[in-house]
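Enquirer: okay, here's the prediction I keep looking at, along with the sequence it came from:
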Amino acid sequence: MEKIIVRGGKKLNGTVKIEGAKNAVLPVIAASLLASDGKSIIRDVPALADVYTINEVLRNLKADVVFDNQTVTIDATNGLSYEAPFEYVRKMRASVLVMGSLLARLGRARVALPGGCAIGSRPIDQHLKGFEAMGAIVKVGNGFIDARVDGKLKGAKIYLDIPSVGATENIMMAATLAEGTTIIENCAKEPEIVDLANYLTKMGAIVKGAGTEVIRIEGVDRLYGVEHTIIPDRIEAGTFITAAAITGGNVYVKGAVPEHISSLIAKLEEMGVTFIEEKDGLRVISPEKLKAVDIKTMPHPGFPTDMQAQMMAVLLRAHGTSMITETVFENRFMHAEEFRRMNADIKIEGRSVIMNGPCNLQGAEVSATDLRAGAALVIAGLAAEGITKITELHHIDRGYVNFHGKLASLGADIERITEQEIPVFETVTG
Ligand SMILES: CC(=O)N[C@H]1[C@@H](OP(=O)(O)OP(=O)(O)OC[C@H]2O[C@@H](n3ccc(=O)[nH]c3=O)[C@H](O)[C@@H]2O)O[C@H](CO)[C@@H](O)[C@@H]1O
Ligand SMILES: C=C(OP(=O)(O)O)C(=O)O
């Protein structure tokens with residue numbers, strides 16, 4: 001079994017370079033299915049498990065996909081098929097993002113129904129509501145969502161009940177080739193939405209308002225393959241910022257875009273961390289003593305849920321009582337139980353977690369329950385006494401390239417090993 005082994009107590013120092021954003025590249029690759037003319041060339045693509053999965057989804061749909069040297073080249077001009085099977089959707093929920101493009105391009109999409117996951121039930125009703133408003137007939141059965149439209153999708157006015165990132169992206173993609181105008185109200189405003197809009201615009205789409213609460217899309221007849229460079233990963237940047245903060249370190253996070261992480265910067269400044277904007281990134285200088293703060297996760301520009309677990313690790317070391325309230329996902333506190341195994345004074349009350357710090361974190365064997373939980377346990381390990389062993393690394397590999405290696409280059413005492421599993425025998429008595 002693979003494990004990350006951390007020996008806590010080292011201050012991080014040096015420079016870390018941020019990769020292209022996982023949550024931007026997945027919809028951009030899905031949007032490449034819209035190009036009926038020419039190749040799409042996507043640069044600064046991180047070598048993540050999720051990227052390999054979405055590439056496999058596209059290959060399964062009969063697109064030609066080459067991933068080499070941080071560049072994905074896609075030719076989706078001919079012979080596309082419309083079905084994404086369960087084996088991909090099970091590995092990665094974001095596979096449902098191919099639905100909008102397939103519906104717009106082929107008039108049909110059949111995608112396995114994603115199940116729940118460790119952080120919540122994560123329905124996709126808002127995606128489907130959008131497709132239906134645009135004239136698609138959507139049927140759910142036998143574990144699949146089957147959406148069809150006779151002729152072209154029609155532009156519509158769609159109000160999202162929740163500013164869902166995935167629904168906004170899926171509807172944006174569907175609307176690019178629809179007849180007429182689509183208006184998405186109460187849409188998501190994340191930087192990844194803006195990156196997708198920029199990509200679609202380069203492809204020939206007419207998209208206005210990305211980054212605000214209302215996006216307006218005028219349908220066009222066809223879209224073209226273009227070149228695009230993915231924005232830096234604000235969650236990877238935030239993760240290294242929290243790693244620097246918990247160790248009292250001084251780290252230059254190359255590629256961090258301060259406007260993409262302003263809520264995180266604001267909360268860490270309240271805790272006593274100093275930030276200096278430099279040429280291509282952000283320097284983080286952490287004090288010896290951190291102050292407790294309260295945090296509530298919200299859709300962008302609020303505090304990102306994808307940074308909640310990592311911030312929880314840091315708050316365990318802050319002086320005083322802190323509270324984190326999770327409003328985006330209903331069940332994203334699995335890491336809290338693992339932190340308890342590391343001697344954290346932590347209490348879960350409904351959608352909030354209360355921590356009394358500073359906790360004397362102790363190394364323990366813990367398990368990554370989801371992607372950010374895994375990163376947070378590694379971060380807690382950096383500040384714990386003794387050895388922390390983290391298992392279930394496939395979660396971490398979904399979203400971080402060489403996580404342990406980058407931390408080691410900053411001075412952390414960390415390695416990734418394959419440990420022989422000790423067989424457990426049943427004791428036969430009587
Ligand atoms: C690949 C990707 O970009 N993933 C990100 C994306 O996920 P994802 O796009 O899945 O997240 P959403 O913004 O859609 O989900 C936000 C909330 O809305 C709910 N919901 C969503 C859609 C829907 O049709 N009905 C519904 O009820 C979800 O269950 C969740 O409680 O945004 C999340 C919220 O910032 C991030 O944590 C994920 O890292
Ligand atoms: C929850 C996340 O991703 P996904 O939506 O792909 O599960 C994440 O990136 O933290």
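Expert: In hand now; what should we look at? Numbers count the residues shown, from 1 in each chain. Ligands and ions are numbered 1, 2, ... in the order given.
Enquirer: hey, which helix or strand in this structure has the poorest pLDDT?
Expert: Among the helices and strands of the chain, helix 86-91 carries the lowest confidence by mean pLDDT, DSSP states H and E, at a mean of 89.
Enquirer: what's that helix packed up against?
Expert: helix 49-60, strand 108-112 (3 or more C-beta pairs under 8 Å, 6 or more residues apart in numbering; DSSP states H and E). Yep, even glycine has a C-beta here, placed from its N, CA and C like the rest.
Enquirer: which element is the closest residue to Arg372 other than its chain neighbours on?
Expert: Once flanking residues are discounted, Arg372 sits nearest to Ala309: 4.4 Å by C-beta to C-beta, 6 or more residues apart in numbering. Secondary structure assignment for Ala309, by DSSP states H and E: helix 308-316.
Enquirer: also Val207?
Expert: Judged by DSSP H and E, Val207 forms part of strand 206-208.
Enquirer: so Gly180 touches Gly219, yeah?
Expert: Yes - Gly180 lies in contact with Gly219 (C-beta atoms under 8 Å); the separation is 5.9 Å.
Enquirer: give me the more crowded residue out of the two.
Expert: Set Gly180 next to Gly219 and count neighbours by other C-beta atoms under 10 Å: Gly219 wins out with 21 against 14.
Enquirer: remind me which residues of the stretch 101-250 of the chain are low pLDDT?
Expert: 116 (pLDDT under 70).
Enquirer: which residues of it fall in helices?
Expert: Taking DSSP state H, counting those that start in this stretch to define them, one finds helices in the stretch 101-250 of the chain at 125-133, 165-176, 191-203, 234-247.
Enquirer: okay if I get the ones you listed as JSON lines plus distance to ligand 2 and mean neighbour count?
Expert: Formatted as JSON lines, these follow (distance: least, C-beta to the nearest ligand atom, whole Å; neighbours: other C-beta atoms under 10 Å):
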{"stretch": "helix 125-133", "distance to ligand 2": "13", "mean neighbour count": "20"}
{"stretch": "helix 165-176", "distance to ligand 2": "8", "mean neighbour count": "27"}
{"stretch": "helix 191-203", "distance to ligand 2": "10", "mean neighbour count": "22"}
{"stretch": "helix 234-247", "distance to ligand 2": "6", "mean neighbour count": "27"}
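Enquirer: which strands and helices lie in contact with the helix holding Ala309?
Expert: helix 234-247, helix 262-270, strand 294-296, strand 320-325, helix 334-341, strand 352-357, helix 371-382.
Enquirer: rewinding a little: in a markdown table: the helices of the stretch 101-250 of the chain, plus distance to Gly320.
Expert: Compiled in a markdown table, the helices of the stretch 101-250 of the chain are given as follows (distance: least, C-beta to C-beta, whole Å):
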| stretch | distance to Gly320 |
| --- | --- |
| helix 125-133 | 39 |
| helix 165-176 | 33 |
| helix 191-203 | 32 |
| helix 234-247 | 16 |
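Enquirer: and the residue in the chain that ligand 2 sits nearest to, how many neighbours?
Expert: Closest approach of the chain to ligand 2 (C-beta to the nearest ligand atom) occurs at Asp306, with a separation of 3.9 Å. Asp306 is flanked by 24 other residues according to other C-beta under 10 Å.
Enquirer: hmm, Glu236 and it touching each other?
Expert: No - counting by C-beta under 8 Å, Asp306 does not reach Glu236; the two are 9.9 Å apart.
Enquirer: what residues does the stretch 51-200 of the chain put near ligand 2?
Expert: Residues of the stretch 51-200 of the chain lying near ligand 2 by C-beta under 6 Å from any ligand atom: Arg93, Ala94.
Enquirer: I'm done for today, thanks for sticking with me.
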